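**Q** What shape does this take:
(chains A and B)
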There are 2 protein chains.
Amino acid sequence: MAGVGEVIDNKQVILKQLVNGAPKESDMAVNTSSISLKVEEGSNGLVVKNLYLSVEPYVKIRMKKFEHPDFSSFTPGSAMDGFGVAKVVDSGRPEFQKGDLVWGIVGWEEYSVIKNPESFFKIHHADVPLSYYTGILGMPGMTAWVGLHKVAAPKKGEYVYISGASGAVGQLVGQFAKLLGCYVVGSAGSKEKVEILKNKLGFDDAFNYKEEKDLDAALKRCFPEGIDVYFENVGGKMLDAVLLNMRLNGRIAVCGMSAEHNLEEPEGVQNLRIIIHKRIRMQGFVVFDYFPQYSEFLDDVLPKIREGKIVYLEHITEGLENAPAALAGSENVWKQVVLVSRE
Amino acid sequence: MAGVGEVIDNKQVILKQLVNGAPKESDMAVNTSSISLKVEEGSNGLVVKNLYLSVEPYVKIRMKKFEHPDFSSFTPGSAMDGFGVAKVVDSGRPEFQKGDLVWGIVGWEEYSVIKNPESFFKIHHADVPLSYYTGILGMPGMTAWVGLHKVAAPKKGEYVYISGASGAVGQLVGQFAKLLGCYVVGSAGSKEKVEILKNKLGFDDAFNYKEEKDLDAALKRCFPEGIDVYFENVGGKMLDAVLLNMRLNGRIAVCGMSAEHNLEEPEGVQNLRIIIHKRIRMQGFVVFDYFPQYSEFLDDVLPKIREGKIVYLEHITEGLENAPAALAGSENVWKQVVLVSRE
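**A** Okay, the predicted model is just below:
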């Protein structure tokens, strides 16, 4: 490993230009720049060596031109970034020491300078795979846990529906809800994903929304008693169908509305007035607000991982140079991770 | 007053047939039937003499054909009903005594048989006008109080917007919010109503939504800092405009969506995904669920009425025979009440 202070080569994944539609491998390039491994004089930042990078929708969205109050598009010509696991090489602040393992937002590169490590978490439990901190023990896992336990708060025996259920978040929501004693149904966009939900992840039922002519009928088939909790990843027509099937005092945790992402004119939601007589609570949430509760999350989820109570499927691509292909091709139920370095 | 046991004439307002659109006076008839003033042997109901009847949208809606889980259309040929104030003439249960003043759902008639008085409230405070128990101290007042304090829960200094603000509920929401120290803006459908909101009811600002080409711009003008709490009576395009102007962690108490009442195909709501990054909570509610908290409501609101802190405008029509005209013509900011009998 290169010593502190040295200036060395730094391989990076660069976004060539902002994209429209699905990102292609050719929208990115792997370049080499150089980096000093010593924190700048007077800085209280970090220099880290990146070990794992998370391949996820959040990164794809940021390759497009859009406006959002919480995050922004990547800058063409610069390294992309996203959640990752890293090792501290040099630190300008006492909370972080050389050799510490951390997770947070890092560049898609071998080494990163972290100017503001306030939202970085130290990794204290390395008996589970470090890559888990890009997924089940990182942002997607925390999102699932917060949305289910803190926002929707289902009780044992309640009926829980998850759209986009095969995604990194949705599949954990379903498993957390099963561990709580709920009846859990998910929807996804392919037969393969539906099979995995039912046969590998322990969902009580699942359906392929692309094969259902009538979403309302599909939900009535899966939930003859109605839905207590809906974990919303989709929006639009799916939400309209769900509203028709919600039970009294139902809760809708709104994590995302992916159906609206690529639409100039979003689909209108027609059935909103149902929330009055059904006394429904819809709550939008953003995981970052709950980061102060990360240790409570770990206390709950780490034992479940160690005891094998959660199925967590990863697909690891080795080598930063293969990250563009991994991102462009990612459309899977396995959590996609790029291994940059083993240590 | 007629004695118990006697069978006497009972004037009633009858719905001739279910209506489409706005009810007309000619849709109703005033008939006379007969009634025994003694509770039937073995019944634990009441016979009451009606004093005041509430003229309100809830009654108009029930003159139409519709399906709703919480209430139903009137039966043509029978007396209409709605909230009213009455005096007990005979009682089959010990909680109610002859001479007690009560409020609850009674027939639009001189005397009513109440088979299930479980949801009737006894009136213990008659130092305020009895007619108030059809409005500010009855269902509309409780709706305003619950929606504001229990559902939206604004804090002092927050920005509160109320659509349908000149209605019986909306004008109280605004005044309750002002007493809490909020900045309050309402919208209504005429210049006259807007003037009353601003000049009589103490709203900080108000606008006529029918004269605004761009609701988003109107809200930006009234709320340059954005909206913390929206009390929703309207739905549709108004909700879309409000969503664009909500502040972080905003709350939307959904009381009604009147814009959708008369539409075969409801307007779609396009901007719902805003609730995610703004962390907005939308909560539908029905006042009946909160009736167990009625005494807490009285403890809060009665002193405010006695101290003259709330402006409450009533328009009283004398005589049951004038009820059909009062209902058909009601389109006012004053609470409309029919005086059936003074005692």
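
**Q** drop to CA atoms for contacts and neighbour counts, all remaining ones
**A** Will do.

**Q** what's the residue closest to the geometric middle of chain A?
**A** residue A:140 (3.3 Å; CA atoms, centre = their mean).

**Q** List the buried residues in stretch A:241-256.
**A** A:241-247, A:249-256 (16 or more other CA atoms under 10 Å in any protein chain shown).

**Q** Among the residues you listed, which lie within strands?
**A** Residues from these lying in strands, with DSSP state E as the criterion: A:246-247, A:249-254.

**Q** Contacts only, for the residue lying closest to residue A:191 once chain neighbours are set aside.
**A** The shortest distance from residue A:191 to any non-neighbouring residue, by CA to CA, 6 or more residues apart in numbering or on different chains, is to residue A:208 (6.2 Å). If you count contacts by CA atoms under 8 Å, 6 or more residues apart in numbering or on different chains, residue A:208 has them with A:187-191, A:194.

**Q** which among those residues end up buried?
**A** Buried, going by 16+ other CA under 10 Å: A:187-189, A:194, out of the contacts of residue A:208.

**Q** Please narrow those to those residing in strands.
**A** A:187-188.

**Q** mind putting the buried ones among the contacts of residue A:208 in CSV, pLDDT included?
**A** What follows is the buried ones among the contacts of residue A:208, written out as CSV (pLDDT from 0 to 100):
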residue, pLDDT
A:187, 97
A:188, 95
A:189, 94
A:194, 97
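
**Q** Identify, from the buried ones among the contacts of residue A:208, the entry nearest to residue B:308.
**A** residue A:187 (56.6 Å; CA to CA).

**Q** quick revisit: which pair in the ones in strands among the buried residues of stretch A:241-256 spans the largest distance?
**A** A:247 and A:254 (16.9 Å).

**Q** sorry, back to before: specify which member of the ones in strands among the buried residues of stretch A:241-256 is nearest to residue A:20.
**A** residue A:254 (25.4 Å).

**Q** can you tell me how far that closest one sits from residue A:60?
**A** 20 Å (CA to CA, to the nearest Å).

**Q** Likewise for residue A:121?
**A** 23 Å.

**Q** need the contact list for residue A:247.
**A** Per CA under 8 Å, 6+ apart, neighbours of residue A:247: A:225-228, A:278.

**Q** just those residues that are near chain B?
**A** residue A:278 (CA under 8 Å from any CA of the partner chain).

**Q** Greatest separation within the contacts of residue A:208: which pair is it?
**A** A:187 and A:191 (10.2 Å).

**Q** hang on, the earlier thing: could you single out the nearest of the buried ones among the contacts of residue A:208 to residue A:16?
**A** residue A:189 (30.1 Å).

**Q** Any residues of chain A in contact with chain B? List them.
**A** Checking chain A against chain B by CA under 8 Å from any CA, the hits are A:69-70, A:235, A:254-257, A:260, A:265-273, A:275-286.

**Q** Tell me which entries of the residues you listed lie within strands.
**A** Per DSSP E, the subset of the residues of chain A next to chain B in strands is A:254, A:281-284.

**Q** In ChimeraX, how would I select just the buried ones from those?
**A** Only the buried entries of these go into this ChimeraX selection, using 16+ other CA under 10 Å:
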select /A:254,281,282,283,284
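
**Q** one step back: tell me the contacts of the residue nearest to the centre of chain A?
**A** A:134, A:168-169.

**Q** just the residues you listed: which has the poorest pLDDT?
**A** Scanning the contacts of residue A:140 for pLDDT, the low point is residue A:168. It has 89.

**Q** Can you give me the neighbour number for that residue?
**A** 26 (other CA atoms under 10 Å in any protein chain shown).

**Q** Over to residue A:323?
**A** For residue A:323, using other CA under 10 Å, the count is 28.

**Q** my guess is it contacts residue A:317, does it?
**A** Yes - between residue A:323 and residue A:317 there is a contact under CA atoms under 8 Å: 7.3 Å.

**Q** what's near enough to touch the residue lying closest to residue A:151 once chain neighbours are set aside?
**A** Leaving aside its sequence neighbours, residue A:151 sits nearest to residue A:253 (CA to CA, 6+ apart; 6.0 Å). Residue A:253 makes contact with A:147-148, A:151-152, A:229-232, A:282-285 under the criterion CA under 8 Å, 6+ apart.

**Q** mind redoing it with 10 Å?
**A** A:146-148, A:150-153, A:162, A:229-233, A:281-285, B:276, B:281 (CA atoms under 10 Å, 6 or more residues apart in numbering or on different chains).

**Q** and what of residue A:195?
**A** With CA under 10 Å, 6+ apart, residue A:195 has these contacts: A:188, A:201, A:203, A:205-208.

**Q** Off-centre distance for stretch A:120-134?
**A** 15 Å (CA atoms, centre = their mean, to the nearest Å).

**Q** how is chain A carved up into domains?
**A** A:7-136+A:312-339, A:139-288 (automatic domain parsing).

**Q** In three-state terms, how would residue A:105 be classified?
**A** strand (DSSP: H, G, I helix; E, B strand; the rest coil).

**Q** From residue A:53, how far out is it?
**A** Taken as CA to CA, the span from residue A:105 to residue A:53 is 9 Å.

**Q** who has more neighbours, these two?
**A** More crowded of residue A:105 and residue A:53, by other CA under 10 Å: residue A:53, with 33 against 20.

**Q** three-state assignment of that one?
**A** strand.

**Q** follow-up on the earlier one: give me the common contacts of residue A:323 and residue A:317.
**A** Taking CA under 10 Å, 6+ apart as the contact rule, residue A:323 and residue A:317 both touch A:53, A:55, A:336-340.

**Q** And those residues, which is closest to chain B?
**A** residue A:55 (21.7 Å; CA to the nearest CA).

**Q** Counting neighbours, show which residues of the lowest-mean-pLDDT helix or strand in chain A come out buried.
**A** Ranking every helix and strand in chain A by mean pLDDT, DSSP states H and E puts helix A:57-62 at the bottom, with a mean of 89. Neighbour-count burial for helix A:57-62 flags A:59-62 (criterion: 16+ other CA under 10 Å).
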